[in-house]
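Novice: this one's sequence-less:
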């Protein structure tokens, strides 16, 4: 079990670290998306969602005329704009293409904001990565999650004093201190780590284990019923070919508001708008609902008549909905979301400490620690780029958001390219520099980039820190404060590592202790 725990954690540990860190950031992806689109003005209060829905529906009738399907996400406490997408016709049969845009809730017009994926990039990268087919990325994420689940269970089995060691931490004891930190981080968030790993697998269970579904649901009617249990997007059917204007979307949303609350409507989805066969579904918001099972009201698109209300699903679908909601945490208020963030951050540190501890333990057993074998050097360098280098790359992604020209073609893609280019450069840097120097330099680089990001925001936007503070724009204020806090954390880690160069130890002894120094820094 000890060997299983070690190798299950190591073989896909670098992927797991990236998944954990980007997943942790994703708990505030909506706020991050607001920061990355500074042209969108702050909403002092949530506007009437019924009025907004009608404005955007009218605009989509012009922008997406002739589409067979459109969907809009209404503004709420965490989103200051209306995000909409629609199906566009293509020449190739069997293929679908989508258009999308952001709209101003006050005017209903398209907002000319910079092209960016915002926080959704980290969210998507968290479970499907990039530069590969989506299905491959999700299979890779599933394999990593299963390795993580094995590492958690085997770690509990091999840990004889799991509760005693949680209250034990020995400073400056080399490998012992590192192991104590790893144990404390693991035990403190153990229920959360197990939940988040298992529910992550459940969210994509239909991809990983499709055979039961294929056996149970064979006819089109059965598959349609399955889709209704899992999604609030109604089935389109066939258009009639008779043009009929869409009924009042505002009245449909108001009926939903009466049932679920004034600000608790999530999306409005329409199929065949402008046709006699039109249907509109108004879905319930996710706040305060510990299940992502679909709840929606379906209307006749031409008369506005309520056709059906779906507020419950079968036991299996509801179980899946609860587990899905627990993983995403979208039901949470601000305090609960911060708790998710902090415990998930500890999980990230747990994975990072485990990776570095592998090199700590094995360096002491090498015949010549000053000249380790290739496999050891490779793991050591991958640790540097995967942990410290990822901090540099993620911050570089935010820098690219502010520096790239607004008119640049495929601008959102170039933000992502910048992320991967910088991440690759950190790997090359780690390969070319001594391990300890590479840790120090990359930690300082991350600290500098984080500290200067609010300064860059001041120079490139009309929303500097003091202006945001006076306007109570807490998204921008919080972003600046978090950047400075994380910059301070990386600086402390870099200083702690650099100070170990002083003293009367031999060069060989210093090099032996370097991984332990780095390890103690990696808790951050």
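Specialist: All right, it came through fine. Quick caveat, the model's predicted, so the values are computed rather than measured. Numbering: from 1, shown residues only.
Novice: only C-alpha atoms for contact and neighbour calcs from this point on.
Specialist: Will do.
Novice: residue ranges of the strands in the stretch 1-150 of the chain, please?
Specialist: Here the stretch 1-150 of the chain has its strands, by DSSP state E, counting those that start in this stretch, at 69-73, 82-88, 97-103.
Novice: Mind checking the pLDDT average for the shortest one?
Specialist: For strand 69-73, the mean pLDDT works out to 93.
Novice: likewise the last one?
Specialist: Per-residue pLDDT values over strand 97-103 give a mean of 87.
Novice: Next: stretch 323-332.
Specialist: Rounded mean pLDDT across stretch 323-332 is 89.
Novice: Walking through the stretch 1-150 of the chain, point out its helices one by one.
Specialist: 2-11, 13-25, 29-35, 49-63, 120-128, 134-158 (DSSP state H, counting those that start in this stretch).
Novice: Deepest-packed of the ones you listed, please.
Specialist: Compared across the helices of the stretch 1-150 of the chain, helix 13-25 shows the largest average neighbour count, a mean of 22 (mean count of other CA atoms under 10 Å).
Novice: still on that earlier bit, now tell me which of the helices of the stretch 1-150 of the chain the model trusts least on average.
Specialist: It's helix 2-11: among those, that one has the lowest mean pLDDT, namely a mean of 83.
Novice: Residues in contact with that helix: which ones?
Specialist: 147, 148, 150, 151, 152, 154, 155, 158, 351, 354, 355, 358 (CA atoms under 8 Å, 6 or more residues apart in numbering).
Novice: One more pass at 7 Å, please.
Specialist: 147, 148, 150, 151, 154, 155, 158, 355 (CA atoms under 7 Å, 6 or more residues apart in numbering).
Novice: So for residue 454, which of the helices of the stretch 1-150 of the chain sits nearest?
Specialist: helix 29-35 (11.0 Å; CA to CA).
Novice: Give me the residues contacting the closest one.
Specialist: Contacts for helix 29-35 (CA under 7 Å, 6+ apart): 78, 79, 118, 119, 120, 475, 476.
Novice: Give me the buried entries from those.
Specialist: When the contacts of helix 29-35 are checked for burial by 16 or more other CA atoms under 10 Å, the buried set is 79, 118, 119, 120, 475, 476.
Novice: Spatially nearest residue to the second one, not counting backbone neighbours?
Specialist: This points to residue 118. Excluding its sequence neighbours, the residue lying closest to residue 118 (CA to CA, 6 or more residues apart in numbering) is residue 33, at 4.2 Å.
Novice: swap in the third one?
Specialist: Distance criterion CA to CA, 6+ apart; nearest residue to residue 119, sequence neighbours excluded, is residue 29 at 4.2 Å.
Novice: and residue 282, that's in a strand?
Specialist: Yes. Under DSSP: H, G, I helix; E, B strand; the rest coil, residue 282 falls within a strand.
Novice: distance of residue 262 from residue 285?
Specialist: According to CA to CA, to the nearest Å, residue 262 stands 11 Å off from residue 285.
Novice: The two: who's more crowded?
Specialist: residue 285 (23 against 16; other CA atoms under 10 Å).
Novice: out of the buried ones among the contacts of helix 29-35, who's nearest residue 245?
Specialist: Closest to residue 245, out of all of the buried ones among the contacts of helix 29-35 and judged by CA to CA, is residue 79, at 29.3 Å.
Novice: which residues does the closest one bridge with?
Specialist: Per DSSP bridges, the residues bridged to residue 79 are residue 76.
Novice: Tell me which of the strands of the stretch 1-150 of the chain is the most buried.
Specialist: Comparing the strands of the stretch 1-150 of the chain by mean count of other CA under 10 Å gives strand 69-73 as most buried, with a mean of 22.
Novice: That one versus strand 82-88: what angle between them?
Specialist: 170 degrees (axes from the mean of the first three to the mean of the last three CA atoms, to 10 degrees).
Novice: Each with direction, which strands does strand 69-73 pair with?
Specialist: Strand 69-73 has these strand partners (DSSP bridges): strand 82-88 (antiparallel), strand 265-271 (antiparallel).
Novice: who's in contact with it?
Specialist: 82-87, 266-272.
Novice: before we move on, the earlier item: and the buried ones among the contacts of helix 29-35, which is closest to residue 315?
Specialist: Closest to residue 315, out of all of the buried ones among the contacts of helix 29-35 and judged by CA to CA, is residue 120, at 30.6 Å.
Novice: Just list the residues touching that closest one, thanks.
Specialist: Going by CA under 7 Å, 6+ apart, the list of residues near residue 120 reads residue 29.
Novice: how about 10 Å then?
Specialist: By CA atoms under 10 Å, 6 or more residues apart in numbering, the contact set of residue 120 is 26, 28, 29, 30, 32, 33, 126.
Novice: Any figure for the gap between it and residue 33?
Specialist: In terms of CA to CA, residue 120 sits 7 Å off from residue 33.
Novice: Equivalent analysis for residue 234, please.
Specialist: Counting by CA to CA, the gap from residue 234 to residue 33 is 28 Å.
Novice: before we move on, the earlier item: show me the one of the strands paired with strand 69-73 that comes nearest residue 319.
Specialist: strand 265-271 (21.2 Å).
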